[in-house]
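> Predicted structure and sequence below. I'll ask about it afterward.
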Amino acid sequence: MDSTPAPAAAAAETPTTAPAFEDCLRLLRGERDEQKLAGLLVAANLCRAGDAASVVEVYRAVGPRFLRRLLNTGLGKVEGGKEEDREAYLRLSVTVLSGLARFPEVAADEGVVSTVPLIAEIVSKSSDLAITEECFELLSLIAIASDGGAHTFCEPGVMDMLFLQISNFPDGSRCLELAIHLMQLLVHKIRIDNMTVEKLQGMTSMVTSLARLFAVLHTTVKFEALHMLTALLSQKESPLHDALRSVPSMIWKCQIRVGITAVLQNRVVSSEKLQALLLAECMMSILGENWLSEEYKVPDDQNMMPVDKFVLLVLESARIEVSVLLNELAYLKYESSKNSQRDDAISQKERNLAILFSLTERIIKMISNASSGEGAVCQTIRESTIMKAITGLNETVGLVLDFLQDAKDHGQRKGDDLLAAVRIVGSYLAEAPYACKEKIRHLLEFIFSVEGQDESSSFHSICFMLPMLSQITMEADGCRILASFGGYKMVIDCLIKMIEQNGMMIDTGNMFLACDTIINFLSNMKNAHIQMGSCFVGLLKALVSWTGTADDSSVIITASCLCTLVLDLTTEEFLLSSSDFDSKTLEKLSKLIARSLHQGIPDDDIEQSNQKQIILSGYRRWSDRYPRVKNILQQHVSM
């Protein structure tokens, strides 16, 4: 930099005049500490008024090593330093660093980034709020300047030193405002995906600090803490979840419950209640459904709502929000005029609805566990609470069915919101298959036609309903409902598709549920003259393919049982006359039945024993109609 300013510039000289600046640099480059300290006193003012190039030059002149030594002296970590001078050194070093870090090039430098643990230590030890404020300003500048700088905050102990005392800052203070701002920066900048275990511990400290703020404070900071918690915890399959599960203290889980209770109980806008419900869903996702009903014993915590009331509060709040969202969605989709803002509003409401549905599904599972007496839930929730919860869930599912009815009336069967509605209905009916019976009777055909926005079939809708179907088809009335619109054919097509995609993320449990549904249907509809159509021919071929290399007895016996019931619908002659069925397939089918009869069955497996009886009695009924099958079985099995 030229030491002699141009005449025009000289007339407008500022505190960063060339002579003063050069003197400052000369002092900073001096060999003695006294010279550097004198230079820093001048630099503190120059950094505030100087341009980026000048500040970078000041930083290079003083060097990060001296700045670190000055911080350590202020913290009392350097021998020989006078105690009465420490605060002055501390204030000077923080002030200079803050001035230097106003420029991103300096703030992102490794030397400045390396001071983060020392600055955090100052925050944890200083009783001077002015120094603490300047520390938080400096740390925010470092966090903004680079990703590496933000990740330094995850070094062991840093988060603890910065945020453990945050709830002790005076409400409305500049310190609290700056600390919250820093946390918001870190939440949005730090990427957790590939963090080491040590750095994840730093993130758990942030979560526990936020939980404390969320529970204790009753200002806007409560909602800022809520938003940060949902941002951190709603990341699916995050390694942070595993780290939080291993946190020994129960207090943070308790504090989040206290915060959620306060938001849901008070008059706050719907969007904040939705955030609180999202946080409840996150907690259940991370810690299991029983988090909602778990009894926590935390000393000196008088604000904890009893478990029974908390469960009902969350459920009722979710029901109200679901009701509001479903009405708003129905209006936007069927009544409001079309425009781009309308589409954006629909998308946002669909995302919010998905959150509430996920939460409701978890509550369904928790109530199911409590009703069946599984685990510790039944010991913490009273039976009267379970009955109230079931009533509440009935109302919620009733609202969802009304939403589906509205879609049916408007000729709409495609949309992610409709698919999500089918899923929540299926989840509830899996636990209470005869709930909302009349509505289901009239809506089942429509439900079987619902497709996601980017789907070309109703495969997922049918899958969602399989747990319920496998139960209601155990009775003739349920089978008649399925037969009334040919729903059994759609279940068969769904099963064939699952078999074709086996090994491609298909839930084997759904395959068995589909098999059970069709077995129940054929067993209970023997006198209904079910026609042997192409869907049954395709099913036989798929079952032969599914069991080709299988050695699981449940797969072999279930598939064979289903084949036996299908063969009872027709004859060997008819099958072989079908264009897509040949003698090789019939031979494989015969060997499948033979394998099933050879299978050993555990004494306590009643289902497989019953299926084996169906195979034997079915074979006796139709063996004369299948001479080739009979011949093969007689070769392999003593009948």
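Received the coordinates, thanks. Numbering: from 1, shown residues only.
> So which elements touch the longest helix belonging to the chain?
Counting by DSSP state H, the longest helix found in the chain is helix 340-372. In terms of contacts (3 or more CB pairs under 8 Å, 6 or more residues apart in numbering; DSSP states H and E), helix 340-372 is packed against helix 270-287, helix 307-334, helix 377-380, helix 383-409, helix 416-431. Glycine gets a C-beta too; all of them are placed from N, C-alpha and C.
> ok, and for the second one, which residues are buried?
This means helix 307-334. 307-308, 310-319, 321-323, 325-326, 328-330, 332-333 (16 or more other CB atoms under 10 Å).
> And the helices and strands packed on helix 340-372, which one averages the lowest pLDDT?
Among those, helix 377-380 carries the lowest mean pLDDT, at a mean of 56.
> Mind telling me what element Gln634 is part of?
helix 627-636 (DSSP states H and E).
> so what secondary structure elements neighbour that helix?
Partner elements for helix 627-636 (3+ CB pairs under 8 Å, 6+ apart): helix 572-577, helix 583-598.
> buried stuff in that helix?
For helix 627-636, by 16+ other CB under 10 Å, it's 629-630, 632-633.
> Please give the centre-to-centre distance between the longest helix of the chain and its chain.
12 Å (CA atoms, centre = their mean, to the nearest Å).
> now do stretch 159-171
Remark: stretch 159-171 is offset 28 Å from the chain centroid, using CA atoms, centre = their mean.
> From start to finish, how long is that stretch in a straight line?
Stretch 159-171 has an end-to-end distance of 21 Å (CA to CA, to the nearest Å).
> and after the helix or strand where Lys489 lies, which helix or strand comes next?
Assigned by DSSP H and E, Lys489 belongs to helix 487-500. Sequence-wise, the next helix or strand downstream of helix 487-500 (DSSP H and E) is helix 508-524.
> The helix or strand just after that following helix - contacts with which helices or strands?
For helix 508-524, the succeeding helix or strand toward the C-terminus, using DSSP H and E, is helix 534-546. For helix 534-546, the packing partners by 3+ CB pairs under 8 Å, 6+ apart come out as helix 487-500, helix 553-567, helix 583-598.
> Swap in 10 Å and give it another go.
helix 487-500, helix 508-524, helix 553-567, helix 572-577, helix 583-598 (3 or more CB pairs under 10 Å, 6 or more residues apart in numbering; DSSP states H and E).
> downstream neighbour of the last one in the secondary structure list?
Moving toward the C-terminus from helix 583-598, the next helix or strand (DSSP H and E) is helix 606-622.
> Distance from the chain centre to that next one, please.
44 Å.
> go on, stretch 559-569?
Counting by CA atoms, centre = their mean, stretch 559-569 is centred 42 Å from the centre of its parent chain.
> cool, and stretch 116-133?
Relative to its chain's centre, stretch 116-133 lies at 35 Å (CA atoms, centre = their mean).
> residues of that stretch that come out buried?
By 16+ other CB under 10 Å, the buried positions in stretch 116-133 come out as 116-124, 126, 131-133.
> that's a helix at Glu295, yeah?
No - counting by DSSP: H, G, I helix; E, B strand; the rest coil, Glu295 is not part of a helix but coil.
> got the contact list for the residue nearest to it when sequence neighbours are not counted?
Nearest residue to Glu295, sequence neighbours excluded (CB to CB, 6 or more residues apart in numbering): Thr380, at 4.7 Å. Thr380 makes contacts with 290, 292-295, 306-308, 311, 370, as judged by CB atoms under 10 Å, 6 or more residues apart in numbering.
> Just the buried residues of those.
Those of the contacts of Thr380 that meet the buried threshold are 290, 292-294, 307-308, 311, 370, by 16+ other CB under 10 Å.
> from the buried residues of helix 627-636, which two are the most distant?
Lys630 and Ile632 (7.5 Å; CB to CB).
> Mutual contacts of those two, please.
With CB under 10 Å, 6+ apart as the test, Lys630 and Ile632 both reach Ser590.
> thought Leu569 was touching Met532?
Yes - with contacts counted by CB atoms under 10 Å, Leu569 reaches Met532, the gap being 4.3 Å.
> Quickly list what's touching both of those two.
In contact with both Leu569 and Met532: Leu575, using CB under 10 Å, 6+ apart.
> show me the contacts for the residue nearest to the spatial centre of the chain.
By CA atoms, centre = their mean, the chain has its centre lying nearest to Lys236, at 4.1 Å. By CB under 10 Å, 6+ apart, the contact list for Lys236 reads 282, 285.
> Against Ile286, how distant is it?
Distance from Lys236 to Ile286, counting by CB to CB, to the nearest Å: 11 Å.
> picking that back up, can I get the buried residues of helix 627-636 in JSON lines including pLDDT?
Compiled in JSON lines, the buried residues of helix 627-636 are given as follows (pLDDT from 0 to 100):
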{"residue": "Val629", "pLDDT": "91"}
{"residue": "Lys630", "pLDDT": "91"}
{"residue": "Ile632", "pLDDT": "90"}
{"residue": "Leu633", "pLDDT": "89"}
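> any chance of these in JSON lines, with distance to Phe446 too?
Output for the buried residues of helix 627-636, formatted as JSON lines (distance: CB to CB, whole Å):
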{"residue": "Val629", "distance to Phe446": "40"}
{"residue": "Lys630", "distance to Phe446": "44"}
{"residue": "Ile632", "distance to Phe446": "44"}
{"residue": "Leu633", "distance to Phe446": "44"}
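> Many thanks, I have nothing further to ask.
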